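Enquirer: Show me how the following folds:
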Amino acid sequence: MRRVNEAVRQVLSEAVGELKDPRIGFVTVTGVETSPDLRHARVFVSVLGSEDEQRESLAGLEAAHGVLQGRLARELRLKRTPQLAFEYD
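Expert: Modelled structure (predicted):
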């Protein structure tokens, strides 16, 4: 699972950096925990800025959920593409 978590983290880190949403500020994907059945993934993020900026960044990530999940499906050949849940680290 550690390799899967790291692969998901790398793809998401790259994808988040390419998002054009102005709500998403300086976001770093610090870790990922996928469930054993690969149905769910908790994505831990670190956000620079005030609490309001952090909330806006998290809302932007939630809005981009579909784009990020599609990117995972294209770049990783997993049995399932996990549903993403973003959390502060």
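Enquirer: tell me the average confidence for the longest helix seen in the chain?
Expert: Longest helix in the chain, counting residues (DSSP state H): helix 2-18. For helix 2-18, mean pLDDT is 95.
Enquirer: got the buried residues for that helix?
Expert: Ala7, Val8, Arg9, Val11, Leu12, Ser13, Ala15, Val16 (16 or more other Cβ atoms under 10 Å). Where you see a C-beta, it was placed from the backbone N, CA and C, and this is true even at glycine.
Enquirer: what helices or strands is it leaning on?
Expert: On a contact count with 3 or more Cβ pairs under 8 Å, 6 or more residues apart in numbering; DSSP states H and E, helix 2-18 meets strand 27-34, strand 40-47, helix 65-75.
Enquirer: Pull out the buried positions in the longest one.
Expert: Buried positions in helix 65-75, judged by neighbour count with 16+ other Cβ under 10 Å: Leu68, Gln69, Arg71, Leu72.
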